[in-house]
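Enquirer: Starting from these lines, generate the structure:
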Amino acid sequence: MAYPLREERRIKKLTGGFQTMRQLARLHGMVVGILRLMLMFCVVQCFEILHPSFLAAGSLKASWNANTEPDLAGYKIYYGESAGNYTSSINAGKVTQYTVNQLKDGVVYYFAITAYDSAGNESGYSLEVSAKVPAVDSAPPTVASVTPRDQTTLEIKFSEAVSQASAQNKANYAIDNGITIASAAFQQGSTTIVMLSTSSHETGKTYKITIQNIADRAPAPNVMTQAVSFNYLIPVVDRTPPAVASFRTLNQQTLEVVFSEAVSVASAQNVANYSINNNVTVQSAQLQQDTRTVRLATTSHTTGVTYMLTVRNIADRAATPNIMSQPATHTYSFQSTDTTPPTVSNVRLVNPTTVEVLFSEPVTSASAQNKNNYTFSNGITVASAALQNDTRTVALTTSQHTSDGTYSITIRNISDRAAPANAMPQPVKFDYIYQAEDRTPPEAKSATLTDLTRVLIVFSEQVTAASAQNANNYRISDNIQVQSAQLAGNGLEVTLITSPHQFNKDYNITILNIKDRSAAANTIAPNATLTYFLINNDGNNGSGLSVNGLNPARYAVDTLQVGKAYYIDRPYVIRQIPNSKRGAVWIKTANADRASNAPRFLEFTLTRESNIYVAYDSRAIQPPNWLKDSFTNTGESILVSESAGKLTLWKSRFVPGRVTLGGNMASGAQANTTLSMYVVLIEDVQSPSNPDSPSPQSFVLKQNYPNPFSRSDVASGLGHTKIEYYLQEQNSVTLTVHNTIGQAVRKLYSGALPAGNHSAIWDGRDENGTLLPSGTYLCTLEVREEVNDAGFAMTASINRQTRVMTLLK
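Expert: Numbering: from 1, shown residues only. Sure thing, here's the model as predicted:
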């Protein structure tokens with residue numbers, strides 16, 4: 001019978017000695033030998049996880065103290081995956097250490113050992129110990145990320161701890177574009193992140209770093225066997241402080257301010273950064289989830305009172321925060337609660353299965369995206385309705401429109417975002433036209449020579465850039481060479497840069513291979529030809545003002561008269577015109593375009609120097625920036641039959657060339673206001689009389705000669721052009737050369753001159769004597785007529801004439 005060691009000791013104590021115990025055992029027929037197992041089994045001494053080069057994966061080595069009994073035959077190892085539950089055993093033999101194999105990596109095993117003698121007697125279990133089977137690391141490190149911290153510091157993050165020797169060896173890193181590495185060092189407290197100090201990078205530029213030979217910290221280190229490369233961008237440092245992008249009143253006690261970029265929570269929610277006059281107090285400021293919008297809770301506003309909000313000290317989220325350098329102010333007036341329901345502004349068929357509905361104001365998602373609020377004629381069904389980001393436009397996905405003709409949509413139950421919401425009181429029906437796939441080729445509608453080396457082509461529909469910008473697709477008579485072609489953003493207009501033309505001569509242009517943007521890519525009819533010419537603005541040719549290259553092309557040019565419609569899409573008529581504007585050239589716009597906020601909207605070309613008048617809705621509190629910055633309010637008005645009542649005239653002077661005006665509601669215009677669309681008047685300021693016959697004009701600017709003249713001759717000191725002009729009486733005059741964007745490049749004369757013929761020479765150089773590039777220039781003669789009033793000379797009027805000059809290469 002086998003006894004555990006503790007029982008053996010107990011028997012020895014009771015019987016008085018080991019010899020007595022043997023006698024008792026012999027008398028009772030018990031086992032002759034008692035196995036004495038002296039087993040010291042602890043985690044530190046008995047279980048050891050060896051280096052992978054000495055111990056294979058899935059193995060643990062157990063060791064123990066030897067038993068000293070003379071008849072000891074060996075040891076058995078018992079183990080399992082839970083405490084006290086041994087599912088496997090191994091006869092280790094008469095050894096004091098043994099390696100247990102075929103274990104699961106990462107699993108904790110529990111062990112106990114017994115001893116047995118030569119008769120097969122086995123002791124009880126030793127104390128239990130446990131150990132976790134380690135996974136042997138055989139994979140090299142990888143690069144987790146490369147992050148530029150500033151222009152001279154890169155952070156390299158590895159997938160595991162790496163050796164100091166390899167990680168801090170700067171030869172293991174290389175960067176392109178001439179960047180050198182000064183040092184490589186672990187980030188403090190880390191063995192996975194290396195900081196590289198480098199020469200200076202350029203902001204906004206992409207670089208490539210190559211990394212090699214990095215070793216991990218395994219007992220047998222794993223080394224990257226192949227170099228790896230990463231691209232990284234040095235971001236442009238944000239140095240621009242935030243600005244107020246928009247503002248609106250939500251209700252009597254809530255304002256909303258939207259900034260141009262994400263702003264810091266601390267500055268945005270500091271009520272001290274906002275103040276309102278007229279005894280209104282900002283009580284709280286809450287930054288919204290978009291990090292740009294701040295809702296201000298205020299004390300109550302009074303209807304009809306004008307207030308000023310001042311915003312200051314707002315910081316952005318740049319690494320080094322940019323703070324508003326100057327306070328921003330916004331003037332507003334609080335109006336009573338919105339009681340006007342939304343209306344439908346426009347319905348547009350985008351494609352055979354998409355219809356777009358535009359509302360007059362922001363509408364709720366719930367009502368706008370309820371497809372039951374839309375029904376169509378002709379069996380068209382609605383699959384879905386999606387409100388767009390502007391909160392005014394709804395895109396309807398429909399069944400297929402199949403036949404050409406007029407369809408109708410009925411819209412109902414749409415609500416605005418007022419509190420409380422206003423819903424459409426009754427259904428509204430809109431008609432729209434569906435036309436099957438475009439099979440109509442584009443047409444060249446007009447060709448205009450805007451100066452001696454520029455031809456503007458206007459097409460009937462949008463054309464592809466690839467075909468429109470191919471200079472080989474244009475052929476001009478008289479050996480005029482097309483040097484380049486540029487398609488405008490509207491897709492309708494192409495500007496050709498050519499060799500020089502001559503004044504008052506007909507030219508034919510043949511246009512080939514121009515394709516539209518339809519799926520069928522229709523091609524212009526073969527050998528489409530247009531005729532064009534450039535008027536020399538001398539008075540003796542009988543020519544006057546003309547307006548060409550109108551974009552949008554659907555707009556119309558007319559003469560201003562009482563009783564005429566002033567829009568192309570509405571029947572509203574003119575009721576009264578200032579006498580000085582009767583018969584002026586008139587550009588009829590579309591009132592449907594009144595919501596446009598485009599910075600470049602209306603474009604046309606002038607052939608003569610003119611006063612441009614923009615007739616803008618008199619109800620506007622704030623006109624757009626392009627109007628108030630470049631035009632002057634004349635105080636005159638045109639009375640009209642539409643609800644606006646009158647359109648206020650804003651004036652600015654333009655030289656011959658391309659004119660660009662912004663959208664009706666472009667930047668600066670009062671937000672959330674529906675105004676009537678502006679229209680344009682053009683007043684010719686040049687006299688049509690013969691330049692060679694002084695009377696009855698008070699002055700005449702003649703065409704320069706020679707024109708064109710050569711830049712190469714100017715460079716050699718031989719070339720120049722002569723400019724002659726006539727004064728009927730003594731006047732103060734200024735003779736100036738401008739480039740085509742209106743900048744004065746050379747003042748040829750300024751001062752008083754007597755009556756008679758005068759001349760000036762221009763050598764193609766600017767005020768600094770620098771030879772100007774070839775191209776078109778404008779010569780302007782400005783004459784000031786002065787009167788004497790009580791001994792003081794006073795300017796009675798200022799008149800100008802302009803001539804086009806061409807400087808060749």
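Enquirer: Run a quick neighbour tally on residue 80.
Expert: The number of residues packed near residue 80 is 15, by other C-beta atoms under 10 Å. In short, each C-beta sits where N, CA and C put it, glycine included.
Enquirer: Run through the bridge partners of it.
Expert: On the basis of DSSP bridges, residue 80 is bridged to residue 110.
Enquirer: my guess is it contacts residue 109, does it?
Expert: Yes - between residue 80 and residue 109 there is a contact at 7.0 Å, judged by C-beta atoms under 8 Å.
Enquirer: Can you work out which residues contact both of these two?
Expert: The overlap between the contact sets of residue 80 and residue 109 (C-beta atoms under 8 Å, 6 or more residues apart in numbering) is empty.
Enquirer: How is this protein partitioned into domains?
Expert: Here the domain parsing of the chain from automatic domain parsing is 35-132, 143-233, 244-333, 344-434, 444-534, 547-684, 699-808.
Enquirer: how about the ones you listed in a markdown table, adding mean pLDDT?
Expert: As requested, the domains of the chain are exported to a markdown table (pLDDT from 0 to 100):
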| stretch | mean pLDDT |
| --- | --- |
| domain 35-132 | 77 |
| domain 143-233 | 93 |
| domain 244-333 | 93 |
| domain 344-434 | 91 |
| domain 444-534 | 86 |
| domain 547-684 | 85 |
| domain 699-808 | 79 |
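Enquirer: What's the separation between residue 723 and residue 163?
Expert: Counting by C-beta to C-beta, to the nearest Å, the gap from residue 723 to residue 163 is 81 Å.
Enquirer: between the two, which one's more packed in?
Expert: Neighbour totals were compared for residue 723 and residue 163, and residue 723 leads with 24 against 17 (other C-beta under 10 Å).
Enquirer: all helices of the stretch 101-250 of the chain, in order?
Expert: 164-167 (DSSP state H, counting those that start in this stretch).
Enquirer: typed the wrong thing, it's the chain
Expert: Taking DSSP state H, the helices of the chain run over residues 5-15, 18-27, 43-46, 164-167, 265-268, 365-368, 465-468, 625-630, 711-715.
Enquirer: The fifth one - contacts with which helices or strands?
Expert: Helix 265-268 sits against strand 282-287, with contacts defined as 3 or more C-beta pairs under 8 Å, 6 or more residues apart in numbering; DSSP states H and E.
Enquirer: Pull the strand it packs on out as PDB, backbone CA atoms only.
Expert: Backbone C-alpha positions of strand 282-287 (Å, rounded to 0.1, in the frame of the first residue of the first chain) are rendered in PDB as follows:
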ATOM      1  CA  VAL A 282     -26.400  86.500 -24.900                       C
ATOM      2  CA  GLN A 283     -27.200  83.900 -22.200                       C
ATOM      3  CA  SER A 284     -25.600  80.800 -23.700                       C
ATOM      4  CA  ALA A 285     -23.600  79.700 -26.700                       C
ATOM      5  CA  GLN A 286     -23.800  76.100 -27.900                       C
ATOM      6  CA  LEU A 287     -21.400  74.700 -30.600                       C
END
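Enquirer: and that strand, which strands flank it?
Expert: Strand pairing (DSSP bridges) places strand 282-287 next to strand 293-298 (antiparallel).
Enquirer: Give the buried residues for the partner strand.
Expert: 293-294, 296, 298 (16 or more other C-beta atoms under 10 Å).
Enquirer: what's the answer for stretch 373-388, then?
Expert: Buried positions in stretch 373-388, judged by neighbour count with 16+ other C-beta under 10 Å: 373-376, 380, 382, 385, 387.
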